[in-house]
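*Asks:* sharing a sequence plus its predicted fold:
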Amino acid sequence: MSDQNSLPKRVVDMMMSKDYFSQWLGIEVILAAPGQSILKMKIRKEMLNGFGIAHGGISFSFADSALAFASNSHGQKSVSIETSISHTKSLLEGDEIIATATELNRSNKIAVYSIAVTNQQNETVALFKGTVYRTSKQWFPEEA
């Protein structure tokens, strides 16, 4: 679990307070740590496509939220500039999924993250890679 007063936790809490799409997804933050995030959510009926499986945009958006939280966890505002996903297994209504974001490389302006999405059986359902631009703006400028 994250330290309740840690910088990553405070950043993620601030981001989630206005991230209405992540709220709609039903995302629960399991971990907010420097360069990392772990999220959990459940696939609902309104997330299914015409094949009766989760729309690809759902797992993409879920992984993208994990990228956002991990990349902003250092307190520096970051935005994605390139993302990609490979869907490796279908998701059904009721599936509970976990996104685990890991920082692979971080410089002053660019950072790269890997996000693995797994289901309740710990099977990989998607692999996501994201590159972010690290702006000069801070989440808490008074502390910089």
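*Replies:* Received the coordinates, thanks.

*Asks:* can you pull out the helices in this structure?
*Replies:* In the chain, the helices defined using DSSP state H lie at 7-18, 20-25, 56-72.

*Asks:* residues contacting the residue nearest to E103 when sequence neighbours are not counted?
*Replies:* Once flanking residues are discounted, E103 sits nearest to G35: 3.2 Å by C-beta to C-beta, 6 or more residues apart in numbering. (Glycine included, C-beta is placed from N, CA and C.) Counting by C-beta atoms under 8 Å, 6 or more residues apart in numbering, G35 touches A70, S73, H74, T102, E103, R106, Y113.

*Asks:* which one of those residues sits closest to S59?
*Replies:* S59 lies nearest to Y113 out of those, by C-beta to C-beta, at 15.6 Å.

*Asks:* how much space separates the residue nearest to E103 from G94?
*Replies:* Look at G35 and G94: by C-beta to C-beta, to the nearest Å, they are 32 Å apart.

*Asks:* now do the contacts for the residue nearest the centre of the chain.
*Replies:* The residue lying closest to the centre of the chain (C-alpha atoms, centre = their mean) is A66, at 0.9 Å. For A66, the contact set (C-beta under 8 Å, 6+ apart) comprises S37, I38, L39, A99, T100, A101, I115, F128.

*Asks:* so the fifth one makes contact with T124?
*Replies:* No: with contact defined as C-beta atoms under 8 Å, T100 does not reach T124; the gap is 10.3 Å.
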